[in-house]
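Trainee: missing the sequence, but the structure's below:
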């Protein structure tokens, strides 16, 4: 019995080339000589970093500084 072939999509060459030539303004020689890792690092400068998740101690400090309001403290109109 043969294993089912995984669906593969084509590599998005149009998108990658548009980023390399259009956004990064790379020459064809430079673009085609880059490794995938080099290209990834070059385009990563175009999107903001998400950064690391907050540490637990940072989260605890924020929770102390900005505690959740209880339901009684919410500004719901009273009828």
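Mentor: Happy to help now that I have it. All values reported here derive from a predicted model rather than from experimental measurement.
Trainee: by mean pLDDT, point me to the weakest helix or strand of this protein.
Mentor: One helix or strand of the chain scores below all others by mean pLDDT, DSSP states H and E: helix 56-65, with a mean of 91.
Trainee: would you mark the buried spots in that helix?
Mentor: Within helix 56-65, no residue is scored as buried using 16 or more other CB atoms under 10 Å. C-beta: built from backbone N, CA, C; applies to glycine.
Trainee: one more: stretch 38-57?
Mentor: By 16+ other CB under 10 Å, the buried positions in stretch 38-57 come out as 39, 42.
Trainee: same thing with stretch 23-31?
Mentor: Neighbour counts over stretch 23-31 (16+ other CB under 10 Å) mark 24, 26, 31 as buried.
Trainee: in this structure, which residue is closest to the centre?
Mentor: The chain has residue 50 as the residue nearest its centroid, 6.1 Å off, counting by CA atoms, centre = their mean.
Trainee: which of the three states applies to that one?
Mentor: Assigned state for residue 50: coil (three-state reduction, DSSP: H, G, I helix; E, B strand; the rest coil).
Trainee: circling back: secondary structure added to the buried residues of stretch 23-31, as CSV?
Mentor: Conversion of the buried residues of stretch 23-31 to CSV gives the following (three-state DSSP):
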residue, secondary structure
24, coil
26, coil
31, helix
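Trainee: of those residues, which is the nearest to residue 58?
Mentor: Nearest to residue 58 among the buried residues of stretch 23-31, counting by CB to CB, is residue 24 at 35.0 Å.
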